[in-house]
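Asks: model the following, please.
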Amino acid sequence: MPASVLKVRESNPFMLELYHAHISTCSQKVRLCLAEKRLEWTSHPIELHRGEQLTPAYLALNPNGVVPTLVHDGRVVIDSSVICEYLEEIATTQGTRLMPADPFGRATVRAWLRYIEEVPTVAIRIPSFNQLFLAGWSHLPQQARDTFIARTPLRKGHYRTFGTEGFAKATVDESMERLRQTAERIDAAVAKGSAWLAGEAISLADLCVLPTIVRMSDLNLEHVWGGLRYFQSWYERIKARPSFEKVFYPEARATIKHPYGS
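Replies: Numbering: from 1, shown residues only. Now for the predicted structure:
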């Protein structure tokens, strides 16, 4: 990736620039927020299977070596949930408001965000890697795999456990249990009578969990939310929003084969 791509355009210092991967669920979270806020942004796609997230130029922006990364007015913001809150704060009156006006409502959304990061975001990596990336990863020479892992700032243990055989059944079963719990919590939240996870208005909570649900659908895991009718109505509502098609374009769907990386 040319180093020049990673420079903020001085001629337009207020342009939002997003370094992201089409298939990355964390990137999709941020793209959903950008779409709902109706913010203009410059796209810098990162090819994960080529290791572009581990180049010195990209690591200078994001030392974690993961996507996405936002650059706004020459300043770098990393971590997808942090970026989503940042976008809401710089554009509170633009597009869809994604955080409640009252402190309790905001606390409710942030509690969801912490849960989403700890449970479904981690859990979905297991079936994603097993179903989408195992073939390409296992066919790499051992030296190439070792080099990739050595250069990865985060998740070295994740790749080592993945190995060349994929994650073990016990690990897969645990991830399915966590994903089912997520679906049940969504179902329970909507069953209380509100249309969205944190009340009557859509929020960052809904947008940040959505990419995990879409990935589950792409991996033929829709049985996980079987029998959860409130969950299903929530999912249909959010899929009907214009932002859905803008973010989940064909290259962003997991049915397209990618060598490795998420």
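
Asks: contacts for stretch 90-107, please.
Replies: If you take CB atoms under 8 Å, 6 or more residues apart in numbering as the criterion, stretch 90-107 is touched by 33, 36-39, 72, 84-85, 88, 108-109, 198-199, 201-204, 207. Where you see a C-beta, it was placed from the backbone N, CA and C, and this is true even at glycine.

Asks: of those residues, keep whichever come out buried.
Replies: Burial by neighbour count, judged by 16 or more other CB atoms under 10 Å, picks out 33, 36-37, 39, 72, 84-85, 88, 108-109, 198-199, 201-204, 207 from the contacts of stretch 90-107.

Asks: could you list which of those residues belong to strands?
Replies: Here DSSP state E is the test, and the buried ones among the contacts of stretch 90-107 give residue 72 as lying in strands.

Asks: what's the model's confidence in the longest helix that the chain contains, averaged?
Replies: Assignment by DSSP state H gives helix 169-191 as the longest helix of the chain. Mean per-residue pLDDT for helix 169-191: 97.

Asks: spit out the contact partners of the nearest residue to residue 189 once chain neighbours are set aside.
Replies: Among residues not flanking residue 189 along the chain, residue 197 sits closest, at 4.9 Å (CB to CB, 6 or more residues apart in numbering). Applying CB under 8 Å, 6+ apart to residue 197 gives the contacts 109, 112, 186, 189, 190, 203, 205, 206, 209, 234.

Asks: take those residues and keep only those in helices.
Replies: Among the contacts of residue 197, the ones falling in helices (DSSP H) are 109, 112, 186, 189, 190, 205, 206, 209, 234.

Asks: now the helices: where do they sit in the stretch 51-200 of the chain?
Replies: All helices of the stretch 51-200 of the chain, identified by DSSP state H, counting those that start in this stretch, fall at 56-61, 80-90, 103-118, 120-123, 125-128, 134-138, 142-151, 156-162, 169-191.

Asks: hey, least reliable of those by pLDDT?
Replies: Among the helices of the stretch 51-200 of the chain, helix 134-138 carries the lowest mean pLDDT, a mean of 88.

Asks: got the buried residues for that one?
Replies: Going by neighbour count (16+ other CB under 10 Å), the buried part of helix 134-138 is 134, 137.

Asks: using CSV, list the CA coordinates for it.
Replies: The C-alpha trace of helix 134-138 is given here as CSV (Å, rounded to 0.1, in the frame of the first residue of the first chain):
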residue,chain,number,x,y,z
LEU,A,134,-9.2,-21.9,7.3
ALA,A,135,-8.6,-23.1,3.8
GLY,A,136,-6.5,-20.1,2.7
TRP,A,137,-4.7,-19.9,6.0
SER,A,138,-3.8,-23.6,6.3
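
Asks: so how far is that helix from its chain's centroid?
Replies: Mean C-alpha position of helix 134-138 versus that of the full chain (CA atoms, centre = their mean, to the nearest Å) differs by 22 Å.

Asks: isn't residue 21 right up against residue 46?
Replies: Yes: Residue 21 lies in contact with residue 46 (CB atoms under 8 Å); the separation is 5.1 Å.
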